[in-house]
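S.K.: predicted model and sequence below, questions to follow.
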Amino acid sequence: MHGFREEGTEKEHVALTFGDVSDGAPVLGRLHSECLTGDALFSLRCDCGFQLEGALQAIANEGRGVLLYLRQEGRGIGLLNKIRAYELQDAGADTVEANLRLGFAEDQRDYRLCLPMLQHLGISSLKLMTNNPRKVNALTELGIQVAERVPLQTGLNPHNHRYLLTKAGKLGHMLGNLHQGEVAED
Ligand SMILES: Nc1nc2c(ncn2[C@@H]2O[C@H](COP(=O)(O)OP(=O)(O)OP(=O)(O)O)[C@@H](O)[C@H]2O)c(=O)[nH]1
Ligand SMILES: [Zn+2]
C-alpha cells in the first residue's frame, strides 16, 4: 500500500499493488473513485462496492495488478453533497440532474493526480477495468497507455437499475444488458 497527498486539496489517496507491476508489461488496473456508501456501507443505490470487490478479485486472480483508491467521493462533489443529491433523486431527479441542480457539473473528477501515482509505481501501461470512457481518455491524454479496456459490469439490482441506465444514457458508460426485464424486482 502506497499513500499519496495531493498538493492543493491535501486529499490522501492510496495505491494498492499486487505482484511486480514495474516490469513494463501492461498492468491490470482500476481507478476507483471513493464511494463511502457503496464501498463501506453496502449501499445498493450504486455499483461501486461490487466493482471494488470485483476489481480486487480480478487482480488477485491475475496475480498482478494495481488499484488506485481515489478520494473523489460523489464524482468529486463530496459526501455531504452526494447525500443532498440522493435526496433530490428520491424526489425524482436522476443522478445527472441532481448534480446540476446543486450547481455542480455532472462529473467533477480530475484524473491528473493519477500520473504521479502511476509514475511512482513504474507503471506506464494499463489493462483498465472500467465502463467509463472518460477514464480511458483521461489516462491516454496523460500519456499512460490503455492497452486494453476490461469491462467491469457487476452488481446490477433493482435499486441501482435507473442509476445505471442514466450512466449509460447521459454519461456514456459502456453498459450492456440493462433491460428492465432482466432485473429481479424486490
Ligand atoms: N454525485 C453523485 N455521485 C455518485 C452518485 N452515485 C455514485 N456516485 C459517485 O460516483 C463515483 C463512481 O462513479 P461511477 O460513475 O459510478 O463509475 P465510474 O468510476 O465513473 O466508472 P467505472 O470505472 O465504470 O466504475 C463515486 O465517487 C461515487 O461516490 C450519485 O448519485 N451522485
Ligand atoms: Zn457508489
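M.R.: Structure received. Ligands and ions are numbered 1, 2, ... in the order given.

S.K.: now the strands for the chain?
M.R.: Assigned by DSSP state E, the chain shows strands spanning 2-5, 12-18, 27-33, 65-70, 125-129, 145-150.

S.K.: let's have these in a markdown table, adding mean pLDDT.
M.R.: Output for the strands of the chain, formatted as a markdown table (pLDDT from 0 to 100):
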| stretch | mean pLDDT |
| --- | --- |
| strand 2-5 | 98 |
| strand 12-18 | 98 |
| strand 27-33 | 98 |
| strand 65-70 | 98 |
| strand 125-129 | 98 |
| strand 145-150 | 98 |
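
S.K.: would you point to the one among these that's packed deepest?
M.R.: strand 27-33 (a mean of 25; mean count of other Cβ atoms under 10 Å). Every residue, glycine included, has its C-beta placed from N, CA and C.

S.K.: parallel or antiparallel, list what pairs with it.
M.R.: strand 65-70 (parallel), strand 125-129 (parallel) (DSSP bridges).

S.K.: and the angle from it to strand 145-150?
M.R.: Per axes from the mean of the first three to the mean of the last three Cα atoms, to 10 degrees, the angle that strand 27-33 makes with strand 145-150 is 80 degrees.

S.K.: how about strand 27-33 and ligand 2, touching?
M.R.: No. Interface with ligand 2: strand 27-33 contributes nothing (Cβ under 5 Å from the ion), its closest point being 8.1 Å away.

S.K.: domains for this protein, by residue range?
M.R.: The chain breaks down into these domains under the TED database: 2-69+111-174, 73-108.

S.K.: close to ligand 2: what parts of the protein are there?
M.R.: 35, 38, 46, 48.

S.K.: returning to what we had before: distance to residue 160 added to the strands of the chain, as TSV?
M.R.: Formatted as TSV, the strands of the chain follow (distance: least, Cβ to Cβ, whole Å):
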stretch	distance to residue 160
strand 2-5	30
strand 12-18	25
strand 27-33	15
strand 65-70	20
strand 125-129	18
strand 145-150	21
